[in-house]
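Enquirer: Return atomic coordinates for the entry below.
(one chain, ligands or ions: 1)
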Amino acid sequence: MGLKASLKVCNSFFLKELRPFLNNFIFRLLHPTVAQENSTTSTTLSQPFEVRYPFRYHKPPTEASGSMSYDSSNPYDSIPSPKGFPLFGTIFSIFFRGGAPKIHEYCDRRHNELGRVYREKLGVVEAVFVADSELIQQIYQNEGRYPMHMVPEPWIIYNEINGIQRGLFFISYVKDNIKELSSKSEMGQPIEGALSQLLFHDNLDEEEVVRIVADLFLAAADTTSHATQWALYMLAKNPKFQERLVEELNGVVPSGEVVGEYHLQNLRFLKAVIKETLRLYPVAPFLTRTLSQDVVLNGYEIPAGKLILMSLYTTGRDPKYFPNPNQFVPDRWLRNRDIHDVISTFASLPFGYGPRSCIGRRVAEIQMELLLARTVQAFHLEDANMRDVGIIMRMITTPDEPIKLRLRDRID
Ligand code: HEM
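Expert: Below is the predicted model:
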């Protein structure tokens, strides 16, 4: 490899892997309070939490802080873990296996190698990875009344730099719209919509409204649009399911009418298409939790406050839960059929679960259902890509090349 090529590799390694890692590290050194807020949940959590029983491995904590005696369980340090370098952990192995864009495949390989529960130090953050439906269920049974999930680092940094308290997520714009609404209101012009409701009727101040709206946009836009893209791609690649969907639509929507919200409850196959898409392409490939109490998972002690990552990409493609896991088979989500082969729904939780699950789930589902149904009503979809589109992670599950679809008018 020539000097130029070596420099290019080093540069890309720095940009992709080391820079975020060092930023994160320096940020944590400079902002100990933020680091603490996100890493030691058990000691900072002041609200009471709910302990639910029965939990197969769980014994009641003796104190609210989570100190608990473990009988016949294995210590945290004995959880299988890949070998890594001091301080850097396994960051180099991650880089050589495709880096952050391929983190889902990297962790999938680790699960194959180390088992359904393993721990790994990614940079300065250590996490316990769990890829098992029953264990995921146990985590949720113990998440308490005020579950904590991890806020992605860039969002925390953005808020910190801009002095913004976390609302639901982050970002500021939106202010222009607020100004426009305020001047309309001063001029006595009629104003309507959710933003004006928040501003003028719910007594929230401008900063709060900006945070809420920005959080919702961030959480809503990329997630729903990518999930929809994957669903269109799956339908284009599987014409027989496209035709099944058209058949279903013809049976529910009167001829000449466009699908509306009132038709959706009868479109079961359409819902199954979306579930199956999100099983194969979970927008968030990992769900995160830190528990406020010690638990024993799979025989291992997990102290309160440890970061747990539930590997949805791996469980969603595990043949133990989904026979022929790499095949797109919407029927597996339909009840009262012979081929009801979804073994555990905790293996596919695209919107999370429990009180901290996605608050926009219904909005997202309705948007996707309407868009998919109306598109398939009007067009035949064909896959126009030259090869199978793969996944790369850009915080969420995205296509590794633009998804190309050919649309032909459906005149039949
Ligand atoms: C297909 C689309 C979507 C998917 C797959 C998705 C998935 C998720 C997931 C996995 C979580 C974390 C849940 C957990 O930790 O248990 C989440 C949180 C969240 N979602 Fe969604 N989401 C989608 C669309 C939306 C939409 C449309 C909105 C808003 C209208 C939204 C708003 C939120 C918010 C605000 C949170 C954070 C809740 C919290 O911190 O407590 N999402 N979403």
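
Enquirer: gap between stretch 259-271 and the chain center?
Expert: 25 Å (Cα atoms, centre = their mean, to the nearest Å).

Enquirer: Kindly apply the preceding question to stretch 173-193 instead.
Expert: Taking the mean of its C-alpha atoms, stretch 173-193 sits 34 Å from the chain's own mean (Cα atoms, centre = their mean).

Enquirer: tell me the mean pLDDT for it?
Expert: Averaging pLDDT along stretch 173-193 yields 72.

Enquirer: can you give me the end-to-end distance of that stretch?
Expert: Using Cα to Cα, to the nearest Å, the span of stretch 173-193 from its first residue to its last is 17 Å.

Enquirer: what's near enough to touch the residue most central in space within the chain?
Expert: Among the residues of the chain, the smallest C-alpha distance to the mean C-alpha position (Cα atoms, centre = their mean) belongs to Ala284, namely 2.1 Å. When contacts are counted by Cβ atoms under 8 Å, 6 or more residues apart in numbering, Ala284 is found next to 223, 312, 350, 352, 396-397. For every residue, glycine as well, the C-beta is placed using N, CA and C.

Enquirer: The ligand contacts on the stretch 151-300 of the chain?
Expert: Within the stretch 151-300 of the chain, the positions near the ligand by Cβ under 6 Å from any ligand atom are 168, 215-216, 219-220, 223-224, 227, 283-284, 287.

Enquirer: So stretch 310-324, near the ligand or not?
Expert: No: between stretch 310-324 and the ligand, judged by Cβ under 6 Å from any ligand atom, nothing touches; the nearest distance is 8.2 Å.

Enquirer: For that stretch, give me every contacting residue.
Expert: With contacts defined as Cβ under 8 Å, 6+ apart, stretch 310-324 is touched by 104, 107-108, 111, 129-133, 136, 139, 279-280, 282, 284-289, 325-326, 332, 341-344, 346-350, 397.

Enquirer: cool, stretch 361-373 as well?
Expert: 220, 223-224, 227-228, 231-232, 235, 245, 249, 259-261, 263-264, 267, 270-271, 273-274, 351, 358.

Enquirer: ok, now with 7 Å
Expert: Here stretch 361-373 makes contact (Cβ atoms under 7 Å, 6 or more residues apart in numbering) with 220, 223-224, 227-228, 231-232, 249, 259, 261, 264, 267, 270-271, 273-274, 351.

Enquirer: List the buried residues of it.
Expert: Neighbour-count burial for stretch 361-373, counted by 16 or more other Cβ atoms under 10 Å, picks out 364-365, 367-373.

Enquirer: after the helix or strand bottoming out on mean pLDDT in the chain, next one along is what?
Expert: Considering only helices and strands, the least confidently modelled element of the chain by mean pLDDT, DSSP states H and E is helix 41-44, at a mean of 26. As assigned by DSSP states H and E, the chain's next helix or strand after helix 41-44 is helix 91-96.

Enquirer: tell me which residues of that next one are tucked away?
Expert: Along helix 91-96, these residues count as buried under the neighbour rule (16+ other Cβ under 10 Å): 91, 93-95.

Enquirer: Kindly report the same for stretch 261-281.
Expert: Using 16+ other Cβ under 10 Å as the test for burial, stretch 261-281 gives 263-264, 267, 269-281.

Enquirer: cool, and stretch 384-396?
Expert: Counting neighbours by 16+ other Cβ under 10 Å, one finds that the buried residues in stretch 384-396 are 389, 391-393, 396.

Enquirer: got the contact list for it?
Expert: Contacts with stretch 384-396, where a contact means Cβ under 7 Å, 6+ apart, come from 100-104, 152, 222-223, 226, 233, 281, 283-285, 397-401, 403-406.

Enquirer: Would you write a PyMOL line that selects the buried entries of these?
Expert: Buried members of the contacts of stretch 384-396 can be picked out in PyMOL with the line below, counting by 16+ other Cβ under 10 Å:
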select buried, resi 100+102+103+104+223+226+233+281+283+284+285+397+398+399+403+405
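
Enquirer: OK, contacts around Arg222?
Expert: In this structure residue 222 is Asp, not Arg. Contacts for Asp222 were tallied using Cβ under 7 Å, 6+ apart; they are Ile396.

Enquirer: Go ahead and list the helix or strand containing it.
Expert: In this structure, Asp222 sits in helix 206-237 according to DSSP H and E.

Enquirer: ok now that helix, how far from the chain's centre?
Expert: Between the centre of helix 206-237 and the centre of its chain there are 12 Å (Cα atoms, centre = their mean).

Enquirer: Show the average pLDDT along it.
Expert: The pLDDT scores in helix 206-237 average 86.

Enquirer: That helix: what's the following helix or strand?
Expert: For helix 206-237, the succeeding helix or strand toward the C-terminus, using DSSP H and E, is helix 239-252.

Enquirer: Go ahead and name everything in contact with that next one.
Expert: 235, 259, 263, 266-267, 269-270, 273, 330, 373, 376-377, 381.

Enquirer: Of these, just say which sits nearest to the ligand.
Expert: Nearest to the ligand, judged by Cβ to the nearest ligand atom, of the contacts of helix 239-252 is Val273 at 13.1 Å.

Enquirer: If we ignore the residues flanking it in sequence, what's nearest the closest one?
Expert: Pro330 (4.7 Å; Cβ to Cβ, 6 or more residues apart in numbering).

Enquirer: check contacts around that neighbour.
Expert: When the contact criterion is Cβ under 7 Å, 6+ apart, the partners of Pro330 are 241, 269, 272-273, 276.

Enquirer: if you set the cut-off to 10 Å instead, what comes out?
Expert: Counting by Cβ atoms under 10 Å, 6 or more residues apart in numbering, Pro330 touches 234-235, 238, 241, 244-245, 268-277, 279.

Enquirer: Could you measure from it over to Leu245?
Expert: Noted for Pro330: a distance of 9 Å to Leu245, by Cβ to Cβ, to the nearest Å.

Enquirer: sorry, back to before: out of the buried residues of stretch 384-396, flag the one nearest to the ligand.
Expert: Checking the buried residues of stretch 384-396 against the ligand by Cβ to the nearest ligand atom gives Ile396 as the nearest, at 8.2 Å.

Enquirer: Could you list everything the closest one pairs with in the sheet?
Expert: Beta-bridge pairing of Ile396 under DSSP bridges involves Arg394.
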